[in-house]
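Asker: can you look at this prediction? I've put the sequence above it.
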Amino acid sequence: MTDSDYWARYYAVTVDRPPWDTVKFAIGLFAADDADADRALQHFAVDLGCGAGRDARQLLRAGWRVLAVDRERGAIEALEAATPPEWRPALETCVADIGTVIVPGCDLVNASLSLPFLAAGRFWQTWKRVLAALPIGGRVAAMLFGDRDGSASDVSMTCPSPHVIRASLASFEIEHWVDREEGTQTALGEPHHFHMVELVARRVR
């Protein structure tokens, strides 16, 4: 099975799954900010490693503009096919490697289970670009693998300790943080020990 075949199976299995809690939490925080300021804004999000679009479509549903990025054309095709026509004007897509793509200035960068698939050097370079793209008040929503994940020994992946992840967010207020472990299965039914770090953080300086 080729890499593209593997991911095609993944998109087929996950396309109709609900969005991750991190993106829902981030959307809710922006909605609360807007209500407090008595304003209605169309926010802009960049979804890195969008896959079949479970998070991107949640952002579109909430009235956001979205740039969805994935290295696999099959991911973009799955997202576009699953996006209702009335949401399409707010969706921009890009087939690109998230390890090198330019992250434009935005209100939110969402990265659910995508950044860990970068080797360490590219991971940290990308993480810096992600954080630098956010203005004061901007947020990052991410699902990362921690250092006790089953993939931690894979040199092609990056699984930092929760302490290191927190330290990288010195200019941010952490608004949502879950550090959890469980032995379960991947979306394709493969056994895996997961160490997940789920976070939403807002730039404060």
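Answerer: Sure thing, it's come through. Residues are numbered from 1 along each chain as shown.

Asker: where does the most centrally placed residue in the chain fall, phi/psi-wise?
Answerer: Central residue of the chain (C-alpha atoms, centre = their mean): residue 111, 1.5 Å from the mean position. Backbone torsions of residue 111, given as degrees, to the nearest 10, read phi -140, psi 100.

Asker: show me what contacts it?
Answerer: Residue 111 makes contacts with 47-49, 98, 130, 140-143, as judged by C-beta atoms under 8 Å, 6 or more residues apart in numbering. All C-beta atoms are positioned from the backbone trio N, CA, C, and that covers glycine.

Asker: show me just the buried residues among those.
Answerer: Neighbour-count burial (16 or more other C-beta atoms under 10 Å) applied to those gives 47-49, 98, 130, 140-143.

Asker: thinking again about what came up before, bridge partners for the residue nearest to the centre of the chain, pull those for me.
Answerer: In this entry, residue 111 is beta-bridged to residue 142, by DSSP bridges.

Asker: once you drop chain neighbours, what's closest to residue 124?
Answerer: Leaving aside its sequence neighbours, residue 124 sits nearest to residue 158 (C-beta to C-beta, 6 or more residues apart in numbering; 7.7 Å).

Asker: for the one you found, the count of nearby residues, please.
Answerer: A count of nearby residues for residue 158, using other C-beta atoms under 10 Å, gives 23.

Asker: quick check, it in contact with residue 116.
Answerer: Yes: applying C-beta atoms under 8 Å as the test, residue 158 and residue 116 come out as touching, 5.8 Å apart.

Asker: now the lengthiest helix in the chain: buried residues?
Answerer: The residue-count maximum for a helix in the chain (DSSP state H) belongs to helix 21-36. Residues 22-27, 29-30, 33 are the ones in helix 21-36 that count as buried (16+ other C-beta under 10 Å).

Asker: which strands and helices sit next to it?
Answerer: helix 54-61, strand 108-112, strand 139-145, strand 172-185, strand 191-203 (3 or more C-beta pairs under 8 Å, 6 or more residues apart in numbering; DSSP states H and E).

Asker: okay then, goodbye and thanks.
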